[in-house]
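Enquirer: Mind folding the following:
(one chain, ligands or ions: 3)
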Amino acid sequence: MNLVIDIGNTFIKLAVFQKDEIVSRAVFEDEKLMEKIQEILKTHKIEHGIISSVKTIPADELAFLRKNINLIILDHTLSFPFLNLYETPETLGKDRLALAAAAVKLFPNKNILIIDAGTCITYDFLENNKYHGGAISPGIEMRFKAMHNFTAKLPLIKTTDENETELTGKTTRQNMKIGVLKGVPLEIDGFIDLYKQDYKDLTVILTGGDSELLSKSLKNSIFAPENFLLKGLNTILEFNKI
Ligand SMILES: Nc1ncnc2c1ncn2[C@@H]1O[C@H](COP(=O)(O)OP(=O)(O)O)[C@@H](O)[C@H]1O
Ligand SMILES: CC(C)(COP(=O)(O)O)[C@@H](O)C(=O)NCCC(=O)O
Ligand SMILES: [K+]
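Expert: Ligands and ions are numbered 1, 2, ... in the order given. Below you'll find the predicted structure:
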């Protein structure tokens, strides 16, 4: 069985794969990583693993993983089922490599825009199995936190607060919620429209912690496959197993 670990800026996602199927999955915060891995190693027969991180991985965690499984650390020097044309591949987010791998596995030889709404919102564009790059913008929670932190008077809004249906906000909180929760879908639809001007047959994938919240507000139709990034990591692991 394979263990795949995705360390994002907000959450760690972890899954155990038997061939292409997820048999166990967990989402948690940073400090629980070792505990969760020990639990998984006790309950599953893990032989291979892959870890993708947008942060530096602590040395003791790496040493522990390496001692227990055949571990691959995701970076741009591995083999991928797509051609990477990013001009600075060494600075490209590892999560974005995993998303691109998942996309070509699901939709080979297509024009694909992957939107990952997590801590940041990333846009990744693939044309016929060639990865070009895309865009990075602040995520929903980051926008709320930034407005609170960088102003004197704006309150902190939580994503879980009740949504607004109006276009015109009449209180400070309404204005902020509308600015972010209507603004982000407008941004996403705007990017999709711009890509569609050049690529009529564009496949759009939406994933990440805020994808459910956002999918209802988009005018463009999108795919929202489950555990998309984790499946991409498993694809890369299978591609690079020795
Ligand atoms: N319970 C929650 N706690 C914190 N953030 C949440 C929660 N539910 C959804 N989110 C949203 O999901 C985002 C994190 O999504 P995720 O894809 O896991 O990010 P990352 O891969 O960057 O860690 C947060 O920025 C926030 O907007
Ligand atoms: C853009 C990101 C912060 C997104 O991270 P996430 O929101 O998934 O936690 C991450 O992919 C990253 O650190 N990228 C490095 C810069 C680049 O991709 O070019
Ligand atoms: K992201």
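
Enquirer: my guess is Leu213 meets Glu141, correct?
Expert: No. The pair Leu213 and Glu141 does not pass the contact test of C-beta atoms under 8 Å, sitting 10.7 Å apart. Where you see a C-beta, it was placed from the backbone N, CA and C, and this is true even at glycine.

Enquirer: Kindly point out which residues are neighbours of both of those two.
Expert: Common contacts of Leu213 and Glu141, defined by C-beta atoms under 8 Å, 6 or more residues apart in numbering, comprise Thr159.

Enquirer: Run through who's touching stretch 184-204.
Expert: With contact meaning C-beta under 8 Å, 6+ apart, stretch 184-204 is reached by 107, 110-113, 115, 117, 121, 123, 125, 127, 135, 137, 140, 143, 206, 210, 214, 217-223.

Enquirer: List the contacts of Gly53.
Expert: Rather than Gly, residue 53 is Ser. So Ser53 contacts Ile5, Asp6, Ile7, Leu74, Lys94 (C-beta under 8 Å, 6+ apart).

Enquirer: which one among the residues you listed gets closest to Lys45?
Expert: Taking C-beta to C-beta as the measure, Lys45 lies nearest Ile5 of the contacts of Ser53, at 17.0 Å.

Enquirer: The closest one should be in a strand, yeah?
Expert: Yes. Counting by DSSP: H, G, I helix; E, B strand; the rest coil, Ile5 is part of a strand.

Enquirer: what does the protein have sitting close to ligand 2?
Expert: 8-9, 54, 91-93, 95-96, 116, 118-120, 122, 136 (C-beta under 6 Å from any ligand atom).

Enquirer: mind checking how far Leu213 is from Ala224?
Expert: In this structure, Leu213 and Ala224 are 11 Å apart, going by C-beta to C-beta, to the nearest Å.

Enquirer: can I assume Lys36 is in contact with Phe28?
Expert: Yes. The pair Lys36 / Phe28 is scored as a contact, 6.1 Å apart, by C-beta under 8 Å.

Enquirer: Show me whatever sits in contact with both of these two.
Expert: Each of Ile12, Leu14 lies in contact with both Lys36 and Phe28 under the rule C-beta under 8 Å, 6+ apart.
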